[in-house]
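[1] Quick one, fold the following:
(2 chains)
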Amino acid sequence: MAVVEVSGLCKRYGDVAAVDGVGLTIEAGEVFALLGPNGAGKTTTVEVLEGHRSADEGEVSVLGYDPGTGGREFRERIGIVLQEASVERELSVREALTIYGGMYPSRLPAAEVIAMVGLEDKADARIKTLSGGQQRRLELGLGLVGDPDLVFLDEPTTGFDPSARRQAWTVLENLTSLGKTILLTTHYMEEARRLADRIAIIDHGRIVADGTPETLGGRDGGAVIRFSLPEGSRVEDLPLLGGRVNGPMVEVETVSPTKALHELTAWALSKGVELDNLEVDRPSLEDVYLELTRED
Amino acid sequence: MRTEVPTRPSVGRLLWEQFRYQNKIFWRTPIAAFFTMVFPLMLLVLFTAIFGNDVIEGLGVTTAQFFTPGLAVFAAVSASYTSQAIGTAMARDNGILKRVRGTPIPPWLYISGRVASAVYLAFIAIVLMMAVGILFYGVQLYGRTLPAALLTFLVGVGCFSALGLLVAAISPNGDAAPAITNATLLPVAFISDIFFPVDDPPRWMELAGDFFPLKHFAGSFRDAFDPTLSGAQFHWAELGYLALWGLVAALLAIRLFKWEPSTGSGSRRRRRRGGGGLAND
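    Below is the predicted model:
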């Protein structure tokens, strides 16, 4: 069953189209990452799905509700982890989880959530005394305390230094193992690759690619075969079309690397030459991301 | 994993929890607690020390008998108007209101919790002030006027809570709220006989004082402690005027209220279109 179904979503601020025809489907239990550079429309999209903003155009269904009119019943089933720790700083961790948990029909005990996000040592500390990383973990706990069916994680590690980010990922990996449906936005490729089952790349308000971390990397099954041109051979002698000489290397882009490789090695064997530095490369998620979100 | 059957928390329970935690937050914010509970007491100590506690000529009551009810009202207004406006605007700046908006608690219930807490704290402030007046400065209490004093307190604090929420609604950020509350409350307090009885004021000052709600609140409350008056001291016209101010302020606040902070990238533009208003559920 699809938990989130969006089609043709548009949202303009004045003349600027922040979201320009986004469509996406998230299945139950899936960890879905919306990956894109700053200003790509990630947060606007998520805020429409959360019910914080109304869409100008398009169909939006979240857990079967229209988020704009779903009201209390809808909000009882979602958990929102905000970008910044935003909770009454005078309260303790346990108090905050108790009061916010108390708003939901099915809530997790504060102690259980505290253990889940690893704040046992700080359970009774005032929130204002927590470190930045601890506040993020509390924030995560606040998103989970209502035992939601769908969790929104908006840029959970933005502004972290690399080691804090790695720690946060460990916590988030625990969360993804709970089997909840999660919509994550991020502009860190590594984060999307590590946490998500499926990734949609968003740029200028549009989804430009969608797939698993693996299929997104090797999109269309494309690959590049590289090797040094054997001495005494010319590019024209090669059996394949599309070969391109790049310095001393020949590069062959192909959508069927097995067949191309077979023909190439058969040719080399028949000629009795060695294909030095032979390699087959599939574009990584990083290559795809940089290519798709390149500033023209 | 779930400890309880999934039943929705009742309105009473949600309200009680919000009320309780808002009170906790107040007492854990020393500056708010100081200005609401201690500062007005300091004024009483100062005024009686400066003017002496003799019967004021022309008024027929002692300094303390005159000032204590007025300063009690000032303290109650500080809790319901100043603290409420600053606390709410800060909560919005810190993203707390946005968080609340993403939870199942109905927005009106959350705001009610804040108001209930403000009324309760105003009550403590007023009782504290009167208690100090009675114990240390010989202030007299009259049983016949207590119902009127209580009703005046409720109507006045209700009115100023609505005004506090209105200030929170129109403050662009948390820093603006203290500026707006202080710039409005202090001058109005001076022309509302809170700090001293103005003898034969200029006409414009009298009119301005009559226009704003504070003089009506303080005057009605003070008359309940005036030994030269008799009767139950219900000032219906003043109470009606306070209620009118409160109603207009509440309607404007509901219309203008924002749940999202105005800082941050693009939010200023977003705010214009983003959902506003308490009724916008």
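[2] list the contacts for A:Leu184?
    The contact partners of A:Leu184, by CB atoms under 8 Å, 6 or more residues apart in numbering or on different chains, come to A:31-34, A:153, A:156, A:191-192, A:195-196. (C-beta placed from N, C-alpha, C; glycine too.)
[3] which two in those are spaced the farthest apart?
    Using CB to CB, the pair of these lying farthest apart is A:Phe32 and A:Pro156, separated by 13.8 Å.
[4] what's the weakest-modelled helix or strand in chain B?
    Lowest by mean pLDDT, DSSP states H and E among the helices and strands of chain B is helix B:267-273, with a mean of 35.
[5] So which residues of the stretch 101-250 of chain A form helices?
    Per DSSP state H, counting those that start in this stretch, the stretch 101-250 of chain A carries helices over the ranges A:110-116, A:132-144, A:162-176, A:189-195, A:213-217.
[6] highest average neighbour count across the ones you listed?
    helix A:132-144 (a mean of 22; mean count of other CB atoms under 10 Å in any protein chain shown).
[7] contacting residues around that one?
    A:79-82, A:84-87, A:93, A:96-97, A:100, A:108, A:113-114, A:116-119, A:122, A:127, A:130, A:151-153, A:156-157, A:160, A:164, A:167-168, A:171-172, A:175, B:99.
[8] now swap in stretch B:58-70 and tell me
    In contact with stretch B:58-70 (CB under 8 Å, 6+ apart) are residues B:43-44, B:47-48, B:51-56, B:129-130, B:132-133, B:137-140, B:193-195, B:197, B:199, B:218, B:221-222, B:224-228.
[9] So what's the gap between it and the chain middle?
    22 Å (CA atoms, centre = their mean, to the nearest Å).
[10] same thing with stretch B:80-90?
    The answer for stretch B:80-90 is 9 Å, by CA atoms, centre = their mean.
[11] If we go by neighbour counts, what in it is buried?
    In terms of neighbour count (16 or more other CB atoms under 10 Å in any protein chain shown), stretch B:80-90 has its buried residues at B:80-90.
[12] so A:Ile26 touches A:Ala2, yeah?
    Yes - between A:Ile26 and A:Ala2 there is a contact under CB atoms under 8 Å: 6.7 Å.
[13] If you count surrounding residues, which of the two has more?
    A side-by-side neighbour count of A:Ile26 and A:Ala2, using other CB atoms under 10 Å in any protein chain shown, places A:Ile26 first with 23 against 16.
[14] List the residues that contact the more buried one.
    A:2-4, A:32, A:181, A:183, A:198.
[15] What is the lowest-pLDDT residue among the residues you listed?
    Looking at the contacts of A:Ile26 by pLDDT, the weakest one is A:Ala2, with 89.
[16] Once you drop chain neighbours, what's closest to that one?
    Among residues not flanking A:Ala2 along the chain, A:Thr25 sits closest, at 5.1 Å (CB to CB, 6 or more residues apart in numbering or on different chains).
[17] Pick out the residue of chain B closest to chain A.
    As assessed by CB to the nearest CB, chain A sits closest to B:Gly95 within chain B, at 2.9 Å.
[18] Just confirm A:Asn24 is within a helix.
    One thing to correct before we go on: residue A:24 is Leu, not Asn. No - according to DSSP: H, G, I helix; E, B strand; the rest coil, A:Leu24 belongs to no helix; its state is strand.
[19] ok, it to chain B distance?
    Counting by CB to the nearest CB, to the nearest Å, the separation of A:Leu24 from chain B is 20 Å.
[20] do A:Glu59 as well
    Applying CB to the nearest CB to A:Glu59 and chain B gives a distance of 19 Å.
[21] Helix, strand, or coil at the nearest residue to that residue once chain neighbours are set aside?
    Nearest non-adjacent residue to A:Glu59, counting by CB to CB, 6+ apart: A:Ser7, 4.9 Å away. Secondary structure, three-state DSSP: A:Ser7 is strand.
[22] for A:Ser7, what are its contacts?
    A:23, A:58-59.
[23] tally of neighbours for the residue in chain A that chain B sits nearest to?
    At 2.9 Å from chain B, A:Ser86 is the closest residue in chain A, using CB to the nearest CB. Close neighbours of A:Ser86, defined as other CB under 10 Å, add up to 21.
[24] Any idea how many residues pack against B:Pro138?
    In this structure residue B:138 is Gly, not Pro. 12.
[25] and if you look at B:Ala149?
    If you count neighbours by other CB under 10 Å, B:Ala149 ends up with 23.
[26] Ok, the one 10 residues further on next?
    Using other CB under 10 Å as the criterion, B:Cys159 is surrounded by 28 other residues.
[27] who touches B:Ala33 in this structure?
    With contact taken as CB under 8 Å, 6+ apart, B:Ala33 is in contact with B:26-27.
[28] would you say it is within a helix?
    Yes - assessed by three-state DSSP, B:Ala33 belongs to a helix.
[29] Present the buried residues of stretch B:80-90 as CSV; the columns should include secondary structure.
    Formatted as CSV, the buried residues of stretch B:80-90 follow (three-state DSSP):
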residue, secondary structure
B:Ser80, helix
B:Tyr81, helix
B:Thr82, helix
B:Ser83, helix
B:Gln84, helix
B:Ala85, helix
B:Ile86, helix
B:Gly87, helix
B:Thr88, helix
B:Ala89, helix
B:Met90, helix
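[30] one step back: report the beta-bridge partner residues of the residue nearest to A:Ala2.
    On the basis of DSSP bridges, A:Thr25 is bridged to A:Glu5.
[31] residues in chain A within reach of chain B, list them.
    A:13-14, A:18, A:39, A:50-54, A:71-73, A:75-76, A:78, A:80, A:82, A:84, A:86-91, A:95, A:99-100, A:102-109, A:112, A:126, A:142, A:146-147 (CB under 8 Å from any CB of the partner chain).
[32] which of those count as buried?
    With neighbours counted by 16+ other CB under 10 Å, the residues of chain A next to chain B contain buried members at A:13, A:18, A:39, A:50-54, A:72, A:75-76, A:78, A:80, A:82, A:84, A:86-91, A:95, A:99-100, A:102-109, A:112, A:126, A:142, A:146-147.
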